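Participant: okay, predicted coordinates and the sequence, questions at the end:
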Amino acid sequence: MDLKTTHNSPVITDPVPVSKSRLSLSSNLMPYSPTSAGYSSPSLYINIPRRKPIPDLLDNVRANSWLDAMKSSSPPRKKLNKDFGLDNESDEIDHPYLTWMIKYPSALSSFEEITAYAKGKKIVLFMDYDGTLSPIVDNPDNAFMSASMRATVKYVAKHFPAAIISGRSRDKVFEFVKLTELYYAGSHGMDIMGPVRKLESIGHPNCISLTDKQDKEVNLFQPASEFLPMIDEVFRSLVETVKRINGATVENNKFCVSVHYRNVDTENWDLVGQVVTEIVKGYPRLRLTHGRKVLEVRPVIDWNKGKAVEFLMDSLGLSDCDDVLPIYIGDDRTDEDAFKVLRKANRGFGILVSSVPKETAAFYSLRDPSEVMEFLKSLGRWKKRASLQNESNHLTITI
């Protein structure tokens with residue numbers, strides 16, 4: 001793949017239209033190595049019915065009611081049937097969720113199916129942070145990773161190339177995770193610390209070579225660097241304005257600004273939307289998007305988490321390889337861009353972390369971070385068994 005033609009400087013434009021192509025099971029994505037770091041038939045997925053994605057209107061801040069849009073971005077959690085392992089505190093069957101799981105089955109119960117297809121391929125892991133590796137908490141600054149989750153992520157990173165792609169600033173995510181075995185992409189992929197590669201082969205003016213905190217050579221890619229002064233200005237304006245709304249907080253994630261309304265009374269949600277919209281109106285090169293009880297101000301460039309996945313893979317110069325299975329695990333709307341890239345390009349599987357039904361381009365689901373941890377542990381154990389088996393087979397042949 002010629003990176004000079006594939007990853008030119010992002011053009012200031014509206015978001016790329018969503019592709020409706022389906023995910024087949026041929027993989028054309030390439031493996032990479034960090035600097036430190038049951039059904040094998042393709043018909044399995046064709047037989048799983050999928051509804052066409054609902055058109056995503058939340059990015060258009062001029063279209064729908066702010067209150068409706070914000071509520072649709074932050075659905076309430078529902079109690080689920082304990083007989084299905086969904087909630088130990090309720091005997092009530094959540095029929096919509098169980099029906100939804102038929103279309104988006106649990107990655108745990110489908111583990112043999114996933115590993116059957118992964119046989120002979122190299123798994124590459126991409127993960128969101130909040131709501132995926134850590135629980136959603138009232139105070140974003142307290143979204144700490146548990147010691148057991150950190151140990152699990154460290155364990156799988158020894159077996160698979162792995163990266164975290166988050167809406168948080170890259171530095172903040174690293175402070176939470178504190179693992180050097182991973183790649184990190186912050187600000188929805190607008191701030192990527194990736195593997196070393198000759199800059200002329202990347203062909204992007206916003207990619208530089210430097211030494212990280214561990215004295216390792218890395219490439220730093222920041223496609224929205226020109227927006228930094230504008231983002232800082234908006235951040236200061238939002239802090240001053242939003243402080244009047246009880247419970248609302250503003251977070252500077254370097255290349256985007258997040259306004260959290262998780263702790264705001266529901267009757268004031270529309271007020272949050274109104275004041276944020278009023279400020280963003282003065283910046284036509286910025287756009288407003290929604291996440292889980294968060295409004296985010298971002299540069300209007302053709303870049304997202306899906307683009308970050310493509311860039312991380314391409315930056316290693318390992319294109320045109322069909323023995324890789326990328327897996328992306330995430331819980332938010334912004335992760336859908338990555339799910340769509342994997343589906344559209346016939347590359348791998350998306351896994352949505354959610355305890356409520358949602359339209360998604362993912363193939364599988366997990367309920368919460370505890371199930372994510374179990375899935376990652378299972379992947380690590382599977383890889384270790386496979387490696388031991390290969391070593392045994394090699395020893396037998398050698399003897």
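Facilitator: On my side now, so go ahead.
Participant: for the rest of this, base every contact and every neighbour count on C-alpha atoms.
Facilitator: OK.
Participant: from the chain's centre, how far out does the longest helix along the chain sit?
Facilitator: For the chain, the longest helix by residue count, based on DSSP state H, is helix 369-398. Centroid separation for helix 369-398 versus its chain: 25 Å, with Cα atoms, centre = their mean, to the nearest Å.
Participant: for that helix, buried residues please.
Facilitator: Going by neighbour count (16 or more other Cα atoms under 10 Å), the buried part of helix 369-398 is 369, 370, 371, 372, 373, 375, 376, 377, 378, 379, 380, 383.
Participant: which other helices and strands contact it?
Facilitator: Where contact means 3 or more Cα pairs under 8 Å, 6 or more residues apart in numbering; DSSP states H and E, helix 369-398 is packed against helix 147-159.
Participant: report all helices and strands that the helix it packs on contacts.
Facilitator: Secondary elements touching helix 147-159 (3+ Cα pairs under 8 Å, 6+ apart): helix 369-398.
Participant: pLDDT of the helix it packs on, averaged?
Facilitator: Helix 369-398 shows a mean pLDDT of 83.
Participant: now the angle from that helix to helix 147-159?
Facilitator: 30 degrees (axes from the mean of the first three to the mean of the last three Cα atoms, to 10 degrees).
Participant: still on that earlier bit, now the buried residues of helix 369-398 as CSV including distance to residue 289?
Facilitator: Formatted as CSV, the buried residues of helix 369-398 follow (distance: Cα to Cα, whole Å):
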residue, distance to residue 289
369, 24
370, 28
371, 28
372, 26
373, 29
375, 30
376, 30
377, 33
378, 35
379, 33
380, 35
383, 38
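Participant: and which of those residues is nearest to residue 109?
Facilitator: Nearest to residue 109 among those: residue 375, at 9.8 Å, using Cα to Cα.
Participant: separation between that closest one and residue 353?
Facilitator: Using Cα to Cα, to the nearest Å, one gets 11 Å for the distance from residue 375 to residue 353.
Participant: over to residue 145?
Facilitator: In terms of Cα to Cα, residue 145 sits 16 Å off from residue 353.
Participant: between these two, who's got more neighbours?
Facilitator: Taking neighbours as other Cα atoms under 10 Å, residue 145 and residue 353 compare with residue 353 leading, 25 against 19.
Participant: from what I see, residue 343 and residue 349 are in contact.
Facilitator: Yes: in this structure, residue 343 is within contact of residue 349 by Cα atoms under 8 Å, at 7.2 Å.
Participant: so what's in contact with these two at the same time?
Facilitator: Jointly contacting residue 343 and residue 349 under the rule Cα atoms under 8 Å, 6 or more residues apart in numbering are residue 362.
Participant: so what's the residue count around residue 235?
Facilitator: For residue 235, using other Cα under 10 Å, the count is 22.
Participant: I'd like the next helix or strand past the helix or strand harbouring it.
Facilitator: Per DSSP states H and E: residue 235 is located in helix 228-242. Per DSSP H and E, helix 228-242 leads on to strand 249-252 as the next helix or strand towards the C-terminus.
Participant: buried residues of the next helix or strand along the chain from that next one, list them for me.
Facilitator: For strand 249-252, the following helix or strand on the C-terminal side (DSSP H and E) is strand 257-260. Neighbour counts over strand 257-260 (16+ other Cα under 10 Å) mark 257, 258, 259, 260 as buried.
Participant: any low-confidence regions in the stretch 201-350 of the chain?
Facilitator: 201-204, 213-214, 316-320 (pLDDT under 70).
Participant: now do 50
Facilitator: Residue ranges of the stretch 201-350 of the chain with pLDDT under 50: 201.
Participant: now the strands for it?
Facilitator: Secondary structure of the stretch 201-350 of the chain (DSSP state E, counting those that start in this stretch): strands located at 207-211, 217-221, 249-252, 257-260, 286-291, 294-299, 324-330, 349-353.
Participant: looking at those, which is closest to residue 311?
Facilitator: Closest approach to residue 311 among the strands of the stretch 201-350 of the chain is made by strand 217-221 (9.3 Å; Cα to Cα).
Participant: tell me the strands beside the closest one, with direction?
Facilitator: strand 191-194 (antiparallel), strand 207-211 (antiparallel) (DSSP bridges).
Participant: from those strands, which stretch is densest packed?
Facilitator: Mean neighbour count, computed with mean count of other Cα atoms under 10 Å, is highest for strand 191-194 among those, reaching a mean of 26.
Participant: thinking again about what came up before, could you dump the strands paired with strand 217-221 into TSV with distance to residue 271 added?
Facilitator: Listed next are the strands paired with strand 217-221 as TSV, based on distance: least, Cα to Cα, whole Å:
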stretch	distance to residue 271
strand 191-194	31
strand 207-211	39
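Participant: of the ones you listed, which is nearest residue 324?
Facilitator: strand 191-194 (18.6 Å).
Participant: which residues touch stretch 374-387?
Facilitator: Contacting residues not belonging to stretch 374-387 are listed as 107, 108, 115, 152, 153, 155, 156, 159 [Cα under 8 Å, 6+ apart].
Participant: please parse the chain into its domains.
Facilitator: What the TED database lists as the domains of the chain is 95-197+303-396, 227-299.
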